[in-house]
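Undergrad: Fold the following, please.
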Amino acid sequence: MISRRKLIATGLGVTAGLATAGCKQEASSDAAWSQPGSAEASPPAEEVRVTVTPAADATKVSPLDQIVVAAEGGTLKDVAVATGGKTVAGKLGDDETWRSTGKLAYGKTYTVTVSVADSAGALTEHKSSFSTVKPSGVASVTFQANALAALQTGGTYGVGQPVMVNFSKPIKNRAEAEKAMLVETTPAVEGRWRWIDGQNAHWRPAKYWTPGTKISVKVALFGQNLGKGVYGGSNASTNFTIGPSRIAIADANTHRMKVYIGGKMVRDIPISMGKGGTTKGADGQVIDFWTRSGPHVVVTREPSHQMRSASFGIKDPKDPNFYDEVIQLCLRISYSGEYVHMADWNIGAHGNRNTSHGCINVGPAHARWFYDTFRLGDVVDVRNTPKQLSLTDGLGDWTIPWDKW
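TA: Numbers count the residues shown, from 1 in each chain. Below is the predicted model:
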């Protein structure tokens with residue numbers, strides 16, 4: 001019987017393919033001699049067959065495969081799997097079969113060395129090798145709160161915060177990638193993945209999260225074939241919690257923004273929203289001044305922000321729509337530049353008419369309260385404007401009906 005202590009100490013495990021390779025032991029030159037007329041000689045040792053998976057000289061082996069070594073007609077004494085001086089762990093099972101437990105790497109050639117004893121105790125060494133797949137690229141993942149902020153593991157986010165997985169490379173085999181991505185919630189809730197583009201996948205439930213929900217995300221990426229020669233890099237995981245329900249409903253017709261916390265209205269804020277209309281930018285592009293309708297999600301909180309009309313094409317200081325100002329108490333709700341922010345110069349319009357370039361203007365006291373109260377993932381739902389928020393302009397996930405998500 002092979003010593004498991006010795007095997008674990010010297011044996012190495014690796015991932016493998018499905019083919020097998022067999023080797024036969026040569027007859028021993030040390031067979032026992034018997035004196036003529038003496039008792040009958042010992043029977044010859046049974047032929048030994050060693051089987052190694054993956055097969056000898058196998059190529060493009062997945063690093064997720066397991067190396068399996070078995071001996072028929074003999075006893076395994078030692079198994080070692082190595083590449084470039086590094087070994088892979090493994091152990092002998094109750095069925096006397098050795099299986100790797102260690103992790104393989106991409107683009108390596110592994111040598112499997114097996115020592116086996118026949119029924120007479122004679123030792124034979126068997127060697128074979130195989131190579132693992134060599135990717136054209138390796139994709140890693142990061143978890144985001146949005147395109148402007150990383151998700152903080154263990155953090156707390158609003159009821160509108162989707163799960164966001166960003167891949168470092170475009171993913172062709174999206175179905176395979178989705179199999180590797182697991183979202184678990186407490187309490188359990190149904191959700192689905194949607195690919196926003198070739199590198200970003202979002203997961204959300206049918207409705208806003210229930211406050212207090214705990215969310216765990218695991219991506220078992222390593223070894224996954226993601227298409228066009230790209231394979232998954234290291235596995236990754238994160239978790240976050242959903243905080244209180246904070247939803248603001250901004251109405252362009254009433255010029256009011258009603259704020260609900262935990263389902264109860266706690267503040268009715270006079271506002272001024274996008275004035276509408278269009279103009280042409282410096283490059284001839286059409287620019288409009290509507291605040292987009294639809295559920296927005298807070299993506300950044302900035303005590304101050306330099307706002308420039310040149311960022312969307314109005315560069316001439318003589319243009320009546322030109323501006324370049326430092327604005328206070330800013331909560332960004334879209335990538336295109338919509339904010340809820342303080343506008344103390346525009347108080348006369350608040351609650352009466354829409355005069356902004358697309359942001360939601362509020363007075364100083366309301367701006368301070370709103371800034372201090374709302375967090376990333378909280379919802380600002382804009383209503384009654386002719387332009388709709390797009391899926392990719394900030395976190396427009398909630399603009400897509402569930403049956404189309």
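
Undergrad: hey, let's count contacts and neighbours off CA atoms from now on
TA: Noted.

Undergrad: which residue ranges form the helices in the chain?
TA: Taking DSSP state H as the criterion, the chain carries its helices at 4-10, 174-180, 364-373.

Undergrad: Lowest average pLDDT across the ones you listed?
TA: Among the helices of the chain, helix 4-10 carries the lowest mean pLDDT, a mean of 32.

Undergrad: remind me which residues of the chain are low pLDDT?
TA: 1-44 (pLDDT under 70).

Undergrad: Centre-most residue in it?
TA: Nearest to the mean C-alpha position of the chain, counting by C-alpha atoms, centre = their mean, stands Val165 at 3.9 Å.

Undergrad: you'd agree that residue is up against Arg204?
TA: No: with contact taken as C-alpha atoms under 8 Å, Val165 and Arg204 are classed as non-touching, separated by 11.9 Å.

Undergrad: circling back to that earlier point, for Asp78, which of the helices of the chain is the nearest?
TA: Nearest to Asp78, of all those, is helix 4-10, at 5.5 Å by C-alpha to C-alpha.

Undergrad: Beta-bridge partners for the closest residue to Asn239 other than its chain neighbours, please?
TA: Closest residue to Asn239 apart from its sequence neighbours, by C-alpha to C-alpha, 6 or more residues apart in numbering: Ser216 at 4.4 Å. For Ser216, the beta-bridge partners under DSSP bridges are Glu184, Asn239.

Undergrad: try Ser115
TA: Asp78, Glu125.

Undergrad: separation between it and Thr278?
TA: Distance, Ser115 to Thr278, using C-alpha to C-alpha, to the nearest Å: 81 Å.

Undergrad: quick one: which of these two has more around it?
TA: Set side by side, Ser115 and Thr278 show more neighbours around Ser115, with 17 against 11, by other C-alpha atoms under 10 Å.

Undergrad: So that one is in contact with Ala71, correct?
TA: No: if you go by C-alpha under 8 Å, Ser115 and Ala71 don't touch, sitting 9.9 Å apart.

Undergrad: Overlap of the contact sets of the two?
TA: Residues touching both Ser115 and Ala71 (C-alpha atoms under 8 Å, 6 or more residues apart in numbering): none.

Undergrad: hang on, isn't the residue nearest to Asn239 packed against Phe240?
TA: Yes: checked against C-alpha under 8 Å, the pair Ser216 and Phe240 is within contact range at 6.8 Å.

Undergrad: Touching, Thr87 and Val81? I think so.
TA: Yes: contact criterion C-alpha under 8 Å: Thr87 and Val81 qualify, at 5.7 Å.

Undergrad: contacting residues around the closest residue to Thr186 other than its chain neighbours?
TA: Closest residue in space to Thr186, ignoring its immediate chain neighbours: Lys214 at 5.1 Å, by C-alpha to C-alpha, 6+ apart. Contacts were defined as C-alpha under 8 Å, 6+ apart; by that measure Lys214 touches Thr185, Thr186, Pro187, Asn239, Phe240, Thr241, Ile242.

Undergrad: ok, now how distant is the nearest residue to the third one once chain neighbours are set aside from Gly227?
TA: When the adjacent residues along the chain are set aside, Pro187 lies closest to Thr213, with 6.1 Å between them (C-alpha to C-alpha, 6+ apart). Using C-alpha to C-alpha, one obtains 34 Å as the distance from Thr213 to Gly227.

Undergrad: try Arg204
TA: 25 Å.

Undergrad: So between the two, which is more surrounded?
TA: Arg204 (23 against 17).

Undergrad: my guess is that one meets Trp193, correct?
TA: Yes: if you go by C-alpha under 8 Å, Arg204 and Trp193 touch, sitting 7.0 Å apart.

Undergrad: list the buried ones in stretch 203-220?
TA: Under the neighbour-count criterion of 16 or more other C-alpha atoms under 10 Å, stretch 203-220 has 203-205, 208-217, 219-220 buried.

Undergrad: picking up where we left off before, what about Thr87 and Val81, which has more around it?
TA: Each of Thr87 and Val81 has its neighbours counted (other C-alpha under 10 Å); Val81 has more, 26 against 20.

Undergrad: For Val159, which of the helices of the chain is the nearest?
TA: helix 364-373 (14.0 Å).
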